[in-house]
Each structure stands twice: as C-alpha cells, then as structure tokens.
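S.K.: structure for the following, please:
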Amino acid sequence: MTETTRDPRLVVEVLSEALPYIQRFSGKTVVVKYGGNAMTEDTLIDSFARNMVLMKEVGINPVVVHGGGPQIGDLLAKLQIESRFVNGMRVTDSQTMDVVEMVLGGLVNKGIVNLINQCGGKAIGLTGKDGAQIRARQLKVEHKTPEMTAPEIIDIGHVGEVEHVSTDLIEMLAERDFIPVIAPIGVDAKGHSYNINADLVAGKVAEALGAEKLMLLTNVAGLMNAEGEVLTGLTTAQVDALIADGTIHGGMLPKIRCALDAVKGGVRSAHIIDGRVPHATLLEIFTNAGVGTLITDAEQQGNDSA
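M.R.: Next up is the predicted model:
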C-alpha cells in the first residue's frame, strides 16, 4: 500500500505493539554504529535518519558512531594516494590521516548531521578530538609465522585503539535533546590523531555511557551458525563457545568481539543487525521480530527479548 492508502487500523496496531517498548526504553541510551549499505543506498539513508529522529521523539537517547571506509578510499584514489591494508586495517601515514580527518570529520559526519536535521531532529557532529572525548593510543599489530620465535610488530601509522572515553560532552548534548554523531577519530596525550575502527569506538562509547543497547549495522542478516541459519539470541557464554569452535571467524569476528566486550563491560544488550533492511533499528527495538542477533549476559536473557 502507498502512504495515502494504508489501512489506518494497521497503523494503530503497529503503534500499540510498540507502546510497551517505548515505555521500557524511554530515557535509555542506545548507541548505533552506522555504516555499510545503510550509508550508501538512498532509501536506507533516509530511513536511518528518520529512525534516529523518531527514537529521540519517544524519549530514547540515540548516539550515532559512523564509519566511512569506502568514502576514504574514493578520495584517496582521486588524490592518487595508494591504499594499503594490513590485517584488514588501513595503513595510515600522515598524509592519509589528513584525508581520513577530512572525510570522516567533515564530509561524512556533516552529511549525516544534515540528514537527521532535515528529518526534524537536532544533530551535532563531533570527532573524538572534540573535548578530547576519545583518548587513543597507537594500535600495535603483530605478525607471526610458525617459524618465527617472536611476533613481528608492524607499524601501520595513525591507526589507534580506544584508551579512554569521556562522556561529559555526549551526555550534555543528549540532555539538551541533541543527537550526537561521532566520527571515530581519537587523540593521544600529545595531540596526535588516530583513525579507529568505528565498531570499536561504538562499543567503548556504549560501555562508557552505560548504554541500554549497542546496535552494530552490518551487511549480513546477523550471526549465522554452520548451517547458515541466523542465531537470534545468544548469551555471552554461548558467543565465547562459538568463537572457540571456529563458528565465528573471519570478518565477523572483530565485530562480535566488540559486541561481546560491550556486554561484558556493562551494556545491557548488543545487537548485530542487518543494515540492508529499511528501518532496521526500529524493528529491532520496537518489535518482537528483530532483524539480527541479540547478545546478552545470561542473567539478562530472559528479560531482554528486544
């Protein structure tokens, strides 16, 4: 049905189903990592922005952490700067870091802010350097082969990991009805900038805020078992077992570890959700259906089905 012909009774039914979830999560913080298809397809971009505004309007405090790897790659290519990767991480020299800051802190960040504002929200764009809210240190990458007696340390430049998150600025903005939109750039004690994986930043921000939920948008349906079936609800112990037996491997492993660490660090639940589905975040929060994998601590599982 189109917007003009949708059955009003269906609209009322949907709102009625959402009511207990709205009541349950009002006043809570939800950290959303935004990236992948949801950042590149027009319909998904619009639905994401509307989702954030609606969450804020019903009393939930969304905090957005975004990626931007493809956009960084595109600009580097236009500038004829080679992109190199080690263990899936972009080697970031000083010249590349300048591009990273321009793309993440400027083009991508302000684009998301503008979209949310156009949908009636009040978004403010930040990087981790603003207020020194994300203190970082250089990420040490180890490489080891069976014949090596000790691992080799590879310097990949301005690639960092989160050392500490200060929440004062984020909390102040949320209290004043703004939606913080954070680019994953950190700063060390000497003022050096670092490019940090957006999933990791989102997880650490969620931990620091004591968030109700961490939601990681992906390009897959969720975490799958060996038969290709989506695992919809898992405890931290079950996730540890799936990592140990090799079910979780490859590119999904860092994302799952991020979600796992967040839950173990105090976040009530983490969600690996399919960002290719329009309104994925609302479906996961406000319905029983969901569109991905939910991870909780064992004692929370019976009480956290959304």
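
S.K.: which residues of the stretch 101-250 of the chain score low on pLDDT?
M.R.: Filtered on pLDDT under 70, the stretch 101-250 of the chain yields the residue ranges 143-152.

S.K.: helices along the stretch 1-150 of the chain, start to end?
M.R.: Ranges of helices in the stretch 1-150 of the chain, per DSSP state H, counting those that start in this stretch, are 8-25, 42-57, 69-78, 94-102, 109-118.

S.K.: could you export those as TSV, including distance to residue 291?
M.R.: From N, CA and C alone the C-beta is placed, and that goes for glycine too. Formatted as TSV, the helices of the stretch 1-150 of the chain follow (distance: least, CB to CB, whole Å):
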stretch	distance to residue 291
helix 8-25	15
helix 42-57	12
helix 69-78	22
helix 94-102	30
helix 109-118	21
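
S.K.: could I get those as a markdown table with distance to residue 267 and mean neighbour count?
M.R.: Putting these into a markdown table (distance: least, CB to CB, whole Å; neighbours: other CB atoms under 10 Å) gives the following:
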| stretch | distance to residue 267 | mean neighbour count |
| --- | --- | --- |
| helix 8-25 | 14 | 12 |
| helix 42-57 | 17 | 19 |
| helix 69-78 | 24 | 16 |
| helix 94-102 | 27 | 17 |
| helix 109-118 | 22 | 19 |
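
S.K.: of all the ones you listed, which lies closest to residue 279?
M.R.: Of all the helices of the stretch 1-150 of the chain, helix 42-57 sits nearest to residue 279, with 4.9 Å by CB to CB.

S.K.: quick one: distance of that closest one to the chain centre.
M.R.: Helix 42-57 has its C-alpha centroid displaced from the chain centroid by 15 Å (CA atoms, centre = their mean, to the nearest Å).

S.K.: same question for it, mean pLDDT?
M.R.: For helix 42-57, the mean per-residue pLDDT is 90.

S.K.: show residues contacting it.
M.R.: If you take CB atoms under 8 Å, 6 or more residues apart in numbering as the criterion, helix 42-57 is touched by 30, 32, 34, 37-39, 62, 64, 112, 115-116, 118-121, 123, 177, 179, 275-276, 278-282, 285.

S.K.: out of the helices of the stretch 1-150 of the chain, nearest to residue 186?
M.R.: Evaluated with CB to CB, those place helix 94-102 nearest to residue 186, the distance being 11.3 Å.

S.K.: relative to residue 215, which of the helices of the stretch 1-150 of the chain is closest?
M.R.: helix 42-57 (10.2 Å).

S.K.: can you give me the strands in the stretch 101-250 of the chain?
M.R.: Secondary structure of the stretch 101-250 of the chain (DSSP state E, counting those that start in this stretch): strands located at 123-127, 134-138, 141-143, 152-154, 160-165, 179-183, 185-187, 193-195, 213-218, 233-235.

S.K.: mind putting those strands in JSON lines, distance to residue 46 and mean neighbour count included?
M.R.: Putting those into JSON lines (distance: least, CB to CB, whole Å; neighbours: other CB under 10 Å) gives the following:
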{"stretch": "strand 123-127", "distance to residue 46": "15", "mean neighbour count": "22"}
{"stretch": "strand 134-138", "distance to residue 46": "28", "mean neighbour count": "21"}
{"stretch": "strand 141-143", "distance to residue 46": "38", "mean neighbour count": "12"}
{"stretch": "strand 152-154", "distance to residue 46": "41", "mean neighbour count": "11"}
{"stretch": "strand 160-165", "distance to residue 46": "30", "mean neighbour count": "19"}
{"stretch": "strand 179-183", "distance to residue 46": "16", "mean neighbour count": "27"}
{"stretch": "strand 185-187", "distance to residue 46": "26", "mean neighbour count": "24"}
{"stretch": "strand 193-195", "distance to residue 46": "28", "mean neighbour count": "26"}
{"stretch": "strand 213-218", "distance to residue 46": "15", "mean neighbour count": "28"}
{"stretch": "strand 233-235", "distance to residue 46": "30", "mean neighbour count": "18"}
